[in-house]
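J.: 3D, please:
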Amino acid sequence: MLIAGFPAGAWGTNCYLVAPAAGEECVIFDPGHQAAQGVEETLKKHRLKPVAVVLTHGHIDHVASVVPVCGALDVPAWIHPRDRYMLSDPEKALGRSIGMPLMGELTVGEPDDLRELTDGSKLHLAGLELNVAHAPGHTKGSVTFRMPEAADIPPVLFSGDLLFAGSIGRTDLPGGDHTEMLESLARVCLPLDDSTVVLSGHGPQTSIGRERATNPYLREVAESRLQPGEGTAAPRRGM
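T.: This is a model prediction of the structure:
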């Protein structure tokens with residue numbers, strides 16, 4: 001298994017390229033702000049052939065390069081329908097007034113081939129199996145992608161801005177909901193095996209076991225002590 005990632009743009013959003021091995025087909029996760037060059041360099045370095053772009057949610061820091069990347073590579077993109085509007089109207093998604101500067105000139109809009117994700121579906125792309133889980137809280141259309149264990153490779157969760165090392169995504173932007181975030185953490189993350197590798201939208205790699213033991217949000221959800229509307233002092237991240 002080949003997973004090549006890099007932090008892109010002003011927000012340091014993790015963009016991942018995943019393939020069974022070097023020289024094979026791959027899937028691109030979350031090509032965000034200024035990610036196009038990094039995608040091109042990673043494709044060349046590992047001799048990869050892209051077949052699709054998949055998006056954990058619609059915030060501009062995760063989707064800013066979708067149109068140029070999909071256009072240059074002639075591949076489809078996948079997004080949950082509840083976040084689809086953000087591709088064409090990123091300012092609305094961030095609660096900004098129309099016309100306010102948004103990190104300079106960005107190419108907004110939908111790629112030519114845009115497909116919708118559904119909860120519980122399985123995508124079979126580039127020889128990979130991606131299990132989709134709807135995980136609202138950060139946005140209404142947030143999803144995670146889980147790859148099951150294969151051979152001696154542990155399962156992998158691409159968590160987007162649901163779960164970070166030591167924290168969770170913020171819920172104070174339009175479409176965010178703290179109660180939904182807690183429900184998503186309980187439903188999507190808690191049932192996973194401790195060995196599951198977590199590749200988040202921002203920050204370093206972690207694991208479900210580590211977060212179960214140390215993440216204040218996941219610990220309190222697991223212990224059923226956190227009531228709707230309550231939180232902790234740990235900082236939350238993402239746009």
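J.: the helices in the protein, which residues?
T.: According to DSSP state H, the chain carries its helices in the segments 36-46, 60-63, 66-73, 85-88, 90-94, 178-184, 208-214, 216-222.
J.: Enumerate every residue touching the most centrally placed residue in the chain.
T.: Centroid check for the chain by Cα atoms, centre = their mean gives Gly160 as the closest residue, at 2.7 Å. Shown in contact with Gly160 (Cβ atoms under 8 Å, 6 or more residues apart in numbering): Asp30, Thr56, His57, His62, Ala135, His138, Ser142, Val143, Thr144, Gly169, Ser200, Gly201. Glycine gets a C-beta too; all of them are placed from N, C-alpha and C.
J.: Skip the chain neighbours and tell me the closest residue to it.
T.: Nearest residue to Gly160, sequence neighbours excluded (Cβ to Cβ, 6 or more residues apart in numbering): Thr56, at 2.7 Å.
J.: and the one you found, how far is that from Val63?
T.: Plainly put, Thr56 is 9 Å away from Val63 if you go by Cβ to Cβ, to the nearest Å.
J.: Also Lys122?
T.: As defined by Cβ to Cβ, Lys122 lies at a distance of 22 Å from Val63.
J.: of those two, who's got more company?
T.: Val63 (31 against 10; other Cβ atoms under 10 Å).
J.: circling back: dump the contacts of Gly160 to a markdown table, plus distance to Pro111.
T.: Shown next, in a markdown table, are these (distance: Cβ to Cβ, whole Å):
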| residue | distance to Pro111 |
| --- | --- |
| Asp30 | 14 |
| Thr56 | 16 |
| His57 | 16 |
| His62 | 14 |
| Ala135 | 23 |
| His138 | 22 |
| Ser142 | 20 |
| Val143 | 17 |
| Thr144 | 22 |
| Gly169 | 24 |
| Ser200 | 24 |
| Gly201 | 20 |
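J.: Narrow those residues to those in strands?
T.: Those of the contacts of Gly160 mapping onto strands are Val143, Thr144, Ser200, per DSSP state E.
J.: so the last one touches Ile168, yeah?
T.: No: between Ser200 and Ile168 there is no contact under Cβ atoms under 8 Å: 9.7 Å.
J.: Those two: which is more packed in?
T.: Ile168 (32 against 26).
J.: sorry, back to before: now do the same contact list for the residue nearest to Gly160.
T.: Taking Cβ under 8 Å, 6+ apart as the criterion, Thr56 is in contact with 29-30, 62, 142-145, 158-162, 201.
J.: from the residues you listed, which is closest to Tyr16?
T.: Phe29 (4.2 Å; Cβ to Cβ).
J.: For that closest one, report the pLDDT, please.
T.: On the pLDDT scale, Phe29 is placed at 98.
J.: what's across from the residue nearest to it when sequence neighbours are not counted in the sheet?
T.: Leaving aside its sequence neighbours, Phe29 sits nearest to Tyr16 (Cβ to Cβ, 6+ apart; 4.2 Å). Tyr16 has these beta-bridge partners by DSSP bridges: Gly5, Phe29.
J.: tally of neighbours for Ser159?
T.: Quick note: Ser159 (other Cβ under 10 Å) scores 29 neighbours.
J.: With Ala222 instead?
T.: 17.
J.: Let me have the least confident helix or strand in the chain by mean pLDDT in CSV, keeping just the CA atoms, if that works.
T.: Taking mean pLDDT, DSSP states H and E as the measure, the chain has helix 90-94 as its least confident helix or strand, at a mean of 75. What follows is the C-alpha trace of helix 90-94 in CSV, where atoms were taken according to Å, rounded to 0.1, in the frame of the first residue of the first chain:
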residue,chain,number,x,y,z
PRO,A,90,-17.5,28.8,-0.6
GLU,A,91,-18.1,32.1,1.0
LYS,A,92,-21.6,31.0,2.1
ALA,A,93,-20.1,28.0,3.7
LEU,A,94,-17.7,30.1,5.8
